[in-house]
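> Have a look; sequence and predicted model below, questions after that.
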Amino acid sequence: MKRTIGVVLIVFGLIGLAWGGFTYTTKEKVIDLGPIQATRDKTHNVPLPPVAGAAALIGGVALLLTSKEK
């Protein structure tokens with residue numbers, strides 16, 4: 001179980017360090033006049049600090065190393 005969690009943390013850490021965050025898009029209603037509606041797409045950025053990616057990577061490596069000692 002520790003190996004699996006360690007590998008997942010390593011993958012997430014590498015992805016976090018490589019991309020630095022993710023974006024997603026939502027629709028926002030601008031005008032609502034009865035049957036007439038206008039919407040626009042709004043993009044939201046969610047930054048991922050490099051420290052979080054590095055911590056996940058280090059934690060994953062630590063879990064892999066401790067799981068091999070048994």
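That came through, no problem.
> gap between residue 2 and residue 68?
Distance, residue 2 to residue 68, by C-beta to C-beta, to the nearest Å: 9 Å. For every residue, glycine as well, the C-beta is placed using N, CA and C.
> So for the two, which residue has more residues nearby?
residue 2 (14 against 10; other C-beta atoms under 10 Å).
> need the contact list for that one.
63-64, 66-67 (C-beta atoms under 8 Å, 6 or more residues apart in numbering).
> do residue 47 as well
20-21.
> List the beta-bridge partners for it.
On the basis of DSSP bridges, residue 47 is bridged to residue 21.
> mind checking how far it is from residue 16?
According to C-beta to C-beta, residue 47 and residue 16 sit 10 Å apart.
> any residues in contact with both of these two?
Joint contacts of residue 47 and residue 16 (C-beta under 8 Å, 6+ apart) do not exist.
> Could you tell me which residues make contact with residue 7?
By C-beta under 8 Å, 6+ apart, the residues touching residue 7 are 60, 64.
> where do the helices sit along the protein?
2-19, 50-68 (DSSP state H).
> Dump these to TSV, plus mean pLDDT and distance to residue 36.
Formatted as TSV, those follow (pLDDT from 0 to 100; distance: least, C-beta to C-beta, whole Å):
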stretch	mean pLDDT	distance to residue 36
helix 2-19	90	39
helix 50-68	90	44
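> quick one: which of the ones you listed is nearest residue 43?
When the helices of the chain are compared by C-beta to C-beta, helix 2-19 sits nearest residue 43, at 15.3 Å.
> Pull the number of nearby residues for residue 20.
13.
> pLDDT wise, what is it at?
Residue 20 carries a pLDDT value of 84.
> so what's the closest residue in space to residue 15 that isn't next to it in sequence up against?
Take residue 15 and drop its neighbours on the chain: the residue closest to it by C-beta to C-beta, 6 or more residues apart in numbering is residue 53, 7.6 Å away. Shown in contact with residue 53 (C-beta under 8 Å, 6+ apart): 12-17, 20.
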